[in-house]
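K.L.:
Coordinates only, no sequence provided:
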């Protein structure tokens, strides 16, 4: 049976529930955060979607505003370097004045260096620590929390933190060998080190090492088998299982907890179920891609496979797939109609709610929600689903106005929405960051 398509005008005027009864309305709290000045070039949002910052130009200089205040003027601020802590309490960026480079934390510049590595600035998930690579006198330094650390002959690997920020690791090349550095202390040396990764609980460190021409992964200090190349490491959410892709000759295979899987031409998109008992991935063989779950190939051959989502028990698996130049949503071997684009595919842990954004042949967009296609609009921005699947939000543009549809009910119009908005946190509180009439407004939504 094909996934159903429902075509309706873009009007969201009636609450829709499974029983047909009207839901108790959520509470909306809107706050004007600031007046937006002239010269704003780019907006940023924290990972929790509740806080904002912007980069602005004043003459030939740039400055950054966050909810904690405004920075000084700098000759150059690199937009791609702006990082906000998850809760928005800290904002970092890379700036230059008089050909000297700085990392600026909450408006306060750190030590000046000859150069700072693009893409090297990293903030720990808890927002309490930060690190970057600086260049001075021809050497490359690891700088953690503003303090100089180990120096290397070449740019070191980007620092990786545990979720609580208590441990960090990097690696750099010195005197012809790569040295592992954990919490500032140098450790073992290898011909090369790559793919550093902590388990979600922070107790295990995995990294790939090269000896001669062969690579292996060490997990918790225990080495695995050697291969021509290794990549795509992933821990299960409970930190009990570890998988990666190993290449030998012209083929690749999954290595799961040290056990080898079937050989394929190529493997991508590894994903564990939330309880760690199931592993899915995309695999290519004889020029076509397919889905493999727990080592078993599923029906369907495609030219490309995109995002994969899976319920906790792997009973529901959805993914995006391309045939020719058109994309489909595949739901347990059922295929949606062809579309120009499919993005933002999300699923709750129990598989009860699944949603995605569809771009149709006419260029208009719609949301697929639980295998039904909602009314089409000019553009859909982002989907957010609560962890229990009871609440779904998405942004929609029609007739030049942006709305956020909250459980099928529209908010007041906005001029535009910030990236990452709307969002729902782990407690089920939703946030909208948007612009209206020259002001940044934050709308908090609490559900009954």
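P.N.:
In hand now; what should we look at? For clarity, every value in this text was computed on a predicted model and none was experimentally measured. Numbering: from 1, shown residues only.
K.L.:
Tell me which residues touch residue 145, please.
P.N.:
With contacts taken as Cβ atoms under 8 Å, 6 or more residues apart in numbering, residue 145 has the following neighbours: 129-131. (Glycine included, C-beta is placed from N, CA and C.)
K.L.:
er, residue 154 I mean
P.N.:
By Cβ under 8 Å, 6+ apart, residue 154 lies in contact with 140, 172-173.
K.L.:
low-scoring stretches of the stretch 201-350 of the chain, by residue?
P.N.:
Regions of the stretch 201-350 of the chain meeting the criterion pLDDT under 70 are absent.
K.L.:
which residues in it form helices?
P.N.:
With DSSP state H, counting those that start in this stretch, there are no helices along the stretch 201-350 of the chain.
K.L.:
What subset of the contacts of residue 154 is buried?
P.N.:
140, 172-173 (16 or more other Cβ atoms under 10 Å).
K.L.:
wait, which of those is closest to residue 401?
P.N.:
Nearest to residue 401 among those, counting by Cβ to Cβ, is residue 140 at 49.7 Å.
K.L.:
so which helix or strand takes in that closest one?
P.N.:
Assigned by DSSP states H and E, residue 140 belongs to strand 139-144.
K.L.:
now what about that strand, what contacts it?
P.N.:
For strand 139-144, using Cβ under 8 Å, 6+ apart, the contacting residues are 103, 110-111, 113, 117, 129-135, 148-156, 159, 168, 170, 172, 181, 184.
K.L.:
For beta bridges, what are the partners of residue 190?
P.N.:
residue 178 (DSSP bridges).
K.L.:
quick one: it and residue 177 touch, right?
P.N.:
Yes: between residue 190 and residue 177 there is a contact at 6.9 Å, judged by Cβ atoms under 8 Å.
K.L.:
Neighbour count for these two, which is higher?
P.N.:
Legend: neighbour count by other Cβ atoms under 10 Å for residue 190 and residue 177, higher for residue 190 (19 against 14).
K.L.:
residue contacts, the more buried one?
P.N.:
Residue 190 is in contact with 177-178, 180, 209-211, counting by Cβ under 8 Å, 6+ apart.
K.L.:
Also residue 130?
P.N.:
83, 90, 92, 103, 105, 121-124, 144-146.
K.L.:
And it, what's its pLDDT?
P.N.:
With respect to pLDDT, residue 130 scores 97.
K.L.:
swap in residue 22?
P.N.:
With respect to pLDDT, residue 22 scores 55.
K.L.:
same thing with residue 127?
P.N.:
pLDDT, read off for residue 127, is 89.
K.L.:
helix/strand/coil for the residue nearest the centre of the chain?
P.N.:
What sits nearest the mean C-alpha location of the chain, by Cα atoms, centre = their mean, is residue 47, with 9.0 Å. Look at residue 47: counting by DSSP: H, G, I helix; E, B strand; the rest coil, its state is coil.
K.L.:
For stretch 153-165, buried residues please.
P.N.:
Under the neighbour-count criterion of 16+ other Cβ under 10 Å, stretch 153-165 has 155-162, 165 buried.
K.L.:
Same check on stretch 363-382?
P.N.:
Buried positions in stretch 363-382, judged by neighbour count with 16+ other Cβ under 10 Å: 364-369, 371, 373-377, 380-382.
K.L.:
With respect to pLDDT, which of the residues you listed ranks lowest?
P.N.:
Out of these, that is residue 371, at 85.
K.L.:
That residue against residue 331, yeah?
P.N.:
Yes: the criterion here is Cβ under 8 Å, and residue 371 meets it with residue 331 at 6.4 Å.
K.L.:
burial count for residue 238?
P.N.:
14.
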